[in-house]
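Participant: One predicted model, sequence on top.
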Amino acid sequence: MPLPQSKLTAQGQISVPAEIRRQLGIGPGSVLEWEQQGDQVVVRKAGRYSSHDIHRALFTARPSARTVEDLKEAVRRAVRDKHARR
């Protein structure tokens, strides 16, 4: 099976073969990253990490459980502090 190919236009544009678009899950408006590695160029879909992946990396520990009363008291304190005369 031959490798998918593209032609470079006079304006420096290329078309990504349909087979590759399907494999990468990209479409109009997708952003691609280009990286030169010696005499090869690697093209990959940008934004490889979802917001869920980033959230898990930043917040590794789960927050402690709180009761509804704890939350209500925290809101009361925040409102009281915000509107306290200084």
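Facilitator: Thanks, I have it.
Participant: hmm, which helix or strand of the protein has the shakiest average pLDDT?
Facilitator: In the chain, the helix or strand scored least confidently by mean pLDDT, DSSP states H and E is helix 51-58, which has a mean of 79.
Participant: ok, then the element right after that one?
Facilitator: Per DSSP states H and E, the first helix or strand lying C-terminal to helix 51-58 is helix 68-83.
Participant: What is that next one packed up against?
Facilitator: Packing contacts for helix 68-83, counted by 3 or more CB pairs under 8 Å, 6 or more residues apart in numbering; DSSP states H and E, involve no helix or strand. Glycine gets a C-beta too; all of them are placed from N, C-alpha and C.
Participant: now it: mean pLDDT?
Facilitator: Rounded to a whole number, the mean pLDDT of helix 68-83 is 93.
Participant: how many neighbours does Ile26 have?
Facilitator: 15 (other CB atoms under 10 Å).
Participant: before we move on, what about Gln23?
Facilitator: 11.
Participant: quick one: it is in a strand?
Facilitator: No - assessed with DSSP: H, G, I helix; E, B strand; the rest coil, Gln23 is helix; it does not lie in a strand.
Participant: if I look at it, how far off is Ala74?
Facilitator: Distance, Gln23 to Ala74, using CB to CB, to the nearest Å: 48 Å.
Participant: circling back to that earlier point, restrict the least confident helix or strand of the chain to CA atoms and write it as PDB.
Facilitator: Provided in PDB are the C-alpha atoms of helix 51-58 (Å, rounded to 0.1, in the frame of the first residue of the first chain):
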ATOM      1  CA  SER A  51      -8.800  20.100  29.900                       C
ATOM      2  CA  HIS A  52      -9.600  17.000  32.000                       C
ATOM      3  CA  ASP A  53      -5.900  15.800  31.700                       C
ATOM      4  CA  ILE A  54      -4.600  19.200  32.700                       C
ATOM      5  CA  HIS A  55      -7.000  19.400  35.700                       C
ATOM      6  CA  ARG A  56      -5.900  16.000  36.900                       C
ATOM      7  CA  ALA A  57      -2.200  17.000  36.600                       C
ATOM      8  CA  LEU A  58      -2.700  20.200  38.600                       C
END
